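Asker: build me a model:
(one chain, ligands or ions: 2)
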Amino acid sequence: ELEKMARRGALIVFEGCDRVGKSTQCQRLVEALKTSGRQAESLSFPNRDTAIGKLINNYLNKKIELENHSIHLLFAANRWEMVPQMEKLLKSGTSLIVDRYAFSGVAYTAAKKTAEVDWCKWPDIGLPTPDVVFYLSLSPEAAQQRSMYGNERYEKAEFQAEVERQFQAMKDESWETIDASRSVDSIHREVLETSLRAIEENSHKDILPLWK
Ligand code: Z5A
Ligand code: MG
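Answerer: Residues are numbered from 1 along each chain as shown. Ligands and ions are numbered 1, 2, ... in the order given. All right, here's what the predicted structure looks like:
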């Protein structure tokens, strides 16, 4: 039946600490997929454009203070509010290239040590599971050399090191770990190859709920 033949897009996520090159690679990947005639769109979290995203932006810029559990739930809500649109796009055959996702949510809150990892995961349980997670890995020293730390909350070497430990504890064999110290082009070539394969392999598979 025709409906069953329809191909869905792939959900491709980039994760990693500050300034490892996530946004650069997301942009390159979307461009490359579009150039090759495939439907692709980018999405980043936090999505600072929504009402919830504006609160998060004010928190990150230190204009407001929020209790740790409370801001964690807002980051998760900011993902859930995008789910209907994400599902619609994926079903229509558009691949989504996502800059940070629930794994950042868990890693950054868990690094504060005020909530356990299991608690941190709860609000994101059931989100669409990514087909690929690219984990961009870079030493804090190398990340620091790319540009000065900005003034946003979390932009401190010690905290970033703890975030890295949290990511390492969370990652499993399904993640694609990328040595992010290489050139933009070399990383892009690897990312594109893996993504094209994932788009092919998952086009007729259901999207499963995350952490269920
Ligand atoms: N956060 C959270 O707490 N909970 C959540 O649920 C979520 C997020 C989703 C804002 O995130 C903060 O929100 C973030 C986590 C927290 N706090 N911190 N830290 P964001 O994604 O909006 O901002 P950001 O992560 O700070 O990321 P970034 O600065 O945008 O980094 P990036 O995207 O990974 O890097 P980039 O912009 O692509 O590249 C950084 C620089 O390096 C730039 O000058 C590039 O030209 C250069 N670059 C990139 N690739 C290379 C290579 N391969 N070689 C050399 N130079 C390179
Ligand atoms: Mg970025």
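Asker: what sits against the nearest residue to Arg8 once chain neighbours are set aside?
Answerer: Leaving aside its sequence neighbours, Arg8 sits nearest to Leu90 (C-beta to C-beta, 6 or more residues apart in numbering; 5.1 Å). Quick note: C-beta positions are derived from backbone N, CA and C, even for glycine. Residues near Leu90 by C-beta atoms under 8 Å, 6 or more residues apart in numbering: Arg8, Gly9, Ala10, Leu11, Leu96, Pro128, Ile207.
Asker: find me the pLDDT at Leu2, would you?
Answerer: pLDDT for Leu2: 55.
Asker: ligand 1 contacts on this structure?
Answerer: When proximity is defined by C-beta under 6 Å from any ligand atom, the chain lies next to ligand 1 at 18-24, 45-46, 60, 75, 99-100, 104-105, 108, 146-147, 154-155, 183-184, 187.
Asker: hmm, try it at 5 Å
Answerer: Neighbours of ligand 1 within the chain, by C-beta under 5 Å from any ligand atom: 18-24, 45, 75, 100, 104-105, 108, 146, 154, 184.
Asker: quick check, Phe14 in contact with Arg100.
Answerer: Yes: applying C-beta atoms under 8 Å, one finds Phe14 in contact with Arg100, separated by 7.1 Å.
Asker: Ala32 should be in a strand, yeah?
Answerer: No: counting by DSSP: H, G, I helix; E, B strand; the rest coil, Ala32 falls outside a strand, being helix.
Asker: neighbours of it, how many?
Answerer: Taking other C-beta atoms under 10 Å as the criterion, the count of residues near Ala32 is 17.
Asker: what residues are up against it?
Answerer: Applying C-beta under 8 Å, 6+ apart to Ala32 gives the contacts His188, Leu192.
Asker: check contacts around the residue nearest the centre of the chain.
Answerer: With distances taken as C-alpha atoms, centre = their mean, Arg100 lies nearest the centre of the chain, 2.1 Å away. Contact analysis of Arg100 by C-beta under 8 Å, 6+ apart lists Val13, Phe14, Glu15, Lys22, Ser44, Phe45, Pro46.
Asker: which residues of the chain score low on pLDDT?
Answerer: 1-4 (pLDDT under 70).
Asker: what packs against the longest helix anywhere in it?
Answerer: Criterion DSSP state H: the longest helix present in the chain is helix 184-202. Contact analysis of helix 184-202 by 3 or more C-beta pairs under 8 Å, 6 or more residues apart in numbering; DSSP states H and E lists helix 22-35, strand 132-137, strand 176-179 as its packing neighbours.
Asker: need the winner for burial among these.
Answerer: strand 132-137 (a mean of 22; mean count of other C-beta atoms under 10 Å).
Asker: quick one: the helices in this protein?
Answerer: Counting by DSSP H, the chain has helices at residues 2-5, 22-35, 51-60, 68-80, 83-91, 102-110, 117-121, 140-146, 157-170, 184-202.
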